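K.L.:
After the sequence you'll find the predicted model.
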Amino acid sequence: MLAEHRLHPSDFILPLFICEGQGCEEPIKALPGVSRWTVDRIGAQARAAAALGIPVVALFPNTPGHLRTMGAEEALNPDNLICRAVKAVKDACPEIGVLTDVALDPYTEHGHDGLVDEAGYVLNDDTSRMLTQQALVQAEAGADIVAPSDMMDGRIGAIRAALEDAGKHNTAIMAYAAKYASAFYGPFREAVGSGGRLKGDKRTYQMDPANAAEALREVAMDIAEGADMVMVKPGLPYLDIVSAVRKRFEVPTFAYQVSGEYAMIEHMAAAGGGERDALILETLLAFKRAGASGILTYHAMDAARLIG
Ligand SMILES: NCc1[nH]cc(CCC(=O)O)c1CC(=O)O
């Protein structure tokens, strides 16, 4: 049948959660069907994704509590959980792309994406310097794409310059350019263990859902600073932004179908309110129709199986 838009497994990026330990799979209660995997088991997940035609995995660490500090020092440890996971994926499956999140929330005591002052206010420039080092450490470990998800100002330019200086010319930057302060991130925060600790909210650095034009300004800045690709997040409630960004800038524009969106579908299907496979595919197709170049989705494996 002819159709204007069609899903393909290469549209998907699969997020994977990593935990410390050996030989474990830890199911995440808030994300039914999604688990955290220990480093020794993450390679098999990447191989399964690659076998289905998924080109990239996005790795997120659940850092042990004692390594979460005010200074987020563990983010810069070249042997931290995320760096070991990057290497394990690359060893097990060299052909899959690895995307890493550049932000301090898995490493801060308080769960914010940046360093904060005594009043709890995020320090933009100190954070940006940390993020630059963090991106370098991840690139050194083998990440193909670094994805700053923190929303500090000026960090894309700083990261690009540092990557060039380090000879990492081929490390790409996917900027979370338009990231909204959303209520849909709850299950993710359980998955990485930052939710219970979070003091206050992230509205001083993530965008106000009431704003649309600001998203275009944020994207323009990140492109000017050297982003190779941009991301809009969350996904489904913000498809108008995906569409506007794609039309205005003609850069690869990715959308993140976030944890709460995944959970909505799972809970609805579990409650008998709809057919799970159909809900997954219709939702993902909407991203393509809006102009997304690709979609980060916890349903990547299911969707690739369904259309493969
Ligand atoms: N750097 C934090 C980060 N990176 C990805 C997500 C959310 C992803 C999801 O909900 O699936 C978040 C959460 C937040 O901003 O608190």
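P.N.:
In hand now; what should we look at?
K.L.:
Go ahead and name everything in contact with the lowest-mean-pLDDT helix or strand in the chain.
P.N.:
Within the chain, no helix or strand scores below helix 186-192, which has a mean of 93 by mean pLDDT, DSSP states H and E. Residues outside helix 186-192 that contact it (C-beta atoms under 8 Å, 6 or more residues apart in numbering): 17, 28-31, 34, 36, 60-63, 105-106, 111, 195-196, 198, 258-260, 262-263. Any C-beta I mention is one placed from the backbone N, CA and C, and that applies to glycine too.
K.L.:
same check, this time on stretch 24-37
P.N.:
16-19, 38, 41, 45, 62, 186-188, 190-191, 259, 262-263, 266-267, 270, 298.
K.L.:
how long is that stretch end to end?
P.N.:
Chord length of stretch 24-37, first to last residue, is 6 Å (C-alpha to C-alpha, to the nearest Å).
K.L.:
do stretch 102-115 as well
P.N.:
13 Å.
K.L.:
Against residue 107, how distant is the closest residue to residue 20 other than its chain neighbours?
P.N.:
Of all residues beyond its chain neighbours, the one nearest residue 20 is residue 64 (5.5 Å), with distances taken as C-beta to C-beta, 6 or more residues apart in numbering. According to C-beta to C-beta, to the nearest Å, residue 64 and residue 107 sit 11 Å apart.
K.L.:
Neighbour count: the two, which is higher?
P.N.:
residue 107 (26 against 13; other C-beta atoms under 10 Å).
K.L.:
Just list the residues touching the more buried one, thanks.
P.N.:
Residue 107 touches 63, 67-69, 72-75, counting by C-beta under 8 Å, 6+ apart.
K.L.:
my guess is residue 194 contacts residue 105, does it?
P.N.:
Yes: Residue 194 is in contact with residue 105 according to C-beta atoms under 8 Å; the separation is 4.8 Å.
K.L.:
anything in contact with each of the two?
P.N.:
By C-beta under 8 Å, 6+ apart, the residues touching both residue 194 and residue 105 are residue 111.
K.L.:
residue ranges for the helices of the stretch 51-200 of the chain, please.
P.N.:
81-92, 124-141, 155-165, 186-192 (DSSP state H, counting those that start in this stretch).
K.L.:
Taking the contacts of helix 186-192, please make a ChimeraX selection of just the buried ones.
P.N.:
Filtering the contacts of helix 186-192 down to the buried ones (16 or more other C-beta atoms under 10 Å) takes a single ChimeraX command:
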select :17,28,30,31,34,36,60,61,62,63,105,106,111,195,258,259,260,262,263
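K.L.:
ok, and which of the contacts of helix 186-192 reach the ligand?
P.N.:
Applying C-beta under 6 Å from any ligand atom to those, one finds that 105, 258-259 fall near the ligand.
K.L.:
Tell me the one of these nearest residue 237?
P.N.:
Distance to residue 237, by C-beta to C-beta, is smallest for residue 258 among these, at 9.5 Å.
K.L.:
List the residues that contact the closest one.
P.N.:
So residue 258 contacts 182, 184-185, 188, 233-235 (C-beta under 8 Å, 6+ apart).
K.L.:
Equivalent analysis for residue 109, please.
P.N.:
68-70, 197.
K.L.:
and residue 6, that's in a helix?
P.N.:
No: inclusion of residue 6 in a helix is not indicated when DSSP: H, G, I helix; E, B strand; the rest coil is applied; the result is coil.
K.L.:
Give me the number of neighbouring residues for the closest residue to the ligand within the stretch 1-150 of the chain.
P.N.:
Closest contact between the stretch 1-150 of the chain and the ligand, by C-beta to the nearest ligand atom, is at residue 103 (3.4 Å). For residue 103, the neighbour count with other C-beta under 10 Å is 28.
K.L.:
and what of residue 73?
P.N.:
Residue 73 - counted by other C-beta under 10 Å - has 13 other residues nearby.
K.L.:
swap in residue 239?
P.N.:
Neighbours of residue 239 under the rule other C-beta under 10 Å: 18.
K.L.:
Does it touch residue 285 like I think?
P.N.:
No: contact criterion C-beta under 8 Å: residue 239 and residue 285 do not qualify, at 11.3 Å.
K.L.:
Sounds good, over and out.
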